[in-house]
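Student: Sharing a model that was predicted from the sequence below.
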Amino acid sequence: MTGGASGGTASVEYRRLATPEEYRAAEEVQRAAWGFTTDGAVPHPIQRAFNDNGGLVLGAFAGVELVGMALGFLGREEGRLFHYSHMTGVRPAWQNHHVGFGLKRFQRSEVLRQGLDEIRWTYDPLQSKNARFNVRMLGGRPDRYHPRYYGAMGDAINEGLETDRVRLVWSLNEPRVEARLEGDRPGTDEDLARLRASEPLVETAIGPAGLRRPAGVRPAGSPQLHLEIPFDLGNVRRRDRGSSRRWREMTREAFTRAFASGYRVDDFASIEVDGERRSFYFLTRSEANDAS
């Protein structure tokens, strides 16, 4: 999970949590970031168990106030060890103040100190801000699609929408990741050129509510594809709730087809196209990647 934003700020200190009071404060951060009510937040005893036994529970402190947290643990798949980042959350008043980015940079340094070179996590692929943060700014790559991953959830972010997720792999020593962390990212002209050079996986059109909605899923054939998602899913859910379900169903089909056909996600961009702000994943077929 990711409930934060981007950048790095001098007024915030990043360190591992250490006291019972800090772990309890991390529960409050979770409730504030996701709108949890009766469930969803990781209890403080479990946080302590993770932090003392190979996991990491990290905090962002503005003075004595805990304003953000990241929690993860050791993962293993087919003999490969990695750090699994279960959640990164920032209090609403501190979102868009670069706290989330600072937490991920600190998490990366701590995981590298543990001798690991990969962090994985999941996020909602329809959340444009999270996609931009995870793929564009951090350089992570979504590589697996999980339909209805958490089942029904009643928090403010997930209520009423099926909890599909993509798994993201963050290869910590990859030159592309290091470049993205230093701010080396494509410009708008490059994004528009890539958009024009690729074919859409999901056709979209403006609906009756004045918002863009999906119209159909196309076959994955071209070496270069783009997959559109809502620029602002929250706005879609407020003004055209039926459309949000269509976005979920059609992007689920599109991602599943693309991954099964050997495509990978290379980048993500939110750009202005003919006066309209729109958001796109860019995908490349594996044969093209191998040839380069």
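Tutor: Alright, I've got the coordinates. Numbering: from 1, shown residues only.
Student: C-alpha only now, for contacts and for neighbours.
Tutor: OK.
Student: ok, now how distant is R213 from A93?
Tutor: 31 Å (C-alpha to C-alpha, to the nearest Å).
Student: Neighbour count for these two, which is higher?
Tutor: Counting neighbours by other C-alpha atoms under 10 Å for R213 and for A93 shows that R213 has the greater number, 24 against 10.
Student: Quick one, grab the pLDDT at T37.
Tutor: Here the pLDDT value assigned to T37 is 72.
Student: surely it meets R31?
Tutor: Yes - between T37 and R31 a contact is recorded at 6.9 Å, counting by C-alpha atoms under 8 Å.
Student: Of these two, which one has the most company?
Tutor: Neighbour totals were compared for T37 and R31, and R31 leads with 22 against 12 (other C-alpha under 10 Å).
Student: Tell me which residues of the strand or helix carrying the more buried one come out buried.
Tutor: Element membership for R31 (DSSP states H and E) is helix 20-34. Applying a neighbour-count criterion of 16 or more other C-alpha atoms under 10 Å, the buried positions in helix 20-34 are 22-23, 25-34.
Student: pull the CA atoms of that helix into CSV?
Tutor: These are the backbone C-alpha positions of helix 20-34, laid out as CSV (Å, rounded to 0.1, in the frame of the first residue of the first chain):
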residue,chain,number,x,y,z
PRO,A,20,5.6,1.8,22.3
GLU,A,21,4.3,5.4,21.9
GLU,A,22,5.7,5.6,18.4
TYR,A,23,4.2,2.4,17.3
ARG,A,24,0.8,3.5,18.6
ALA,A,25,1.3,6.8,16.8
ALA,A,26,1.9,4.8,13.6
GLU,A,27,-1.6,3.3,14.0
GLU,A,28,-3.0,6.8,14.1
VAL,A,29,-1.1,7.7,10.9
GLN,A,30,-2.6,4.6,9.2
ARG,A,31,-6.1,5.6,10.2
ALA,A,32,-5.6,9.2,9.1
ALA,A,33,-4.0,8.2,5.7
TRP,A,34,-6.5,5.5,4.7
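Student: got the angle between the helix or strand that that helix is followed by and helix 20-34?
Tutor: Using DSSP H and E, the helix or strand that follows helix 20-34 towards the C-terminus is helix 44-52. Computed with axes from the mean of the first three to the mean of the last three C-alpha atoms, to 10 degrees, the direction of helix 44-52 lies at 110 degrees from that of helix 20-34.
Student: Check which helices and strands helix 44-52 sits against.
Tutor: Helices and strands touching helix 44-52, as assessed by 3 or more C-alpha pairs under 8 Å, 6 or more residues apart in numbering; DSSP states H and E, comprise helix 20-34, strand 56-62, strand 65-77.
Student: Quick check: which of the ones you listed is nearest to F106?
Tutor: Comparing the helices and strands packed on helix 44-52 against F106 with C-alpha to C-alpha, the closest turns out to be strand 56-62 (8.3 Å).
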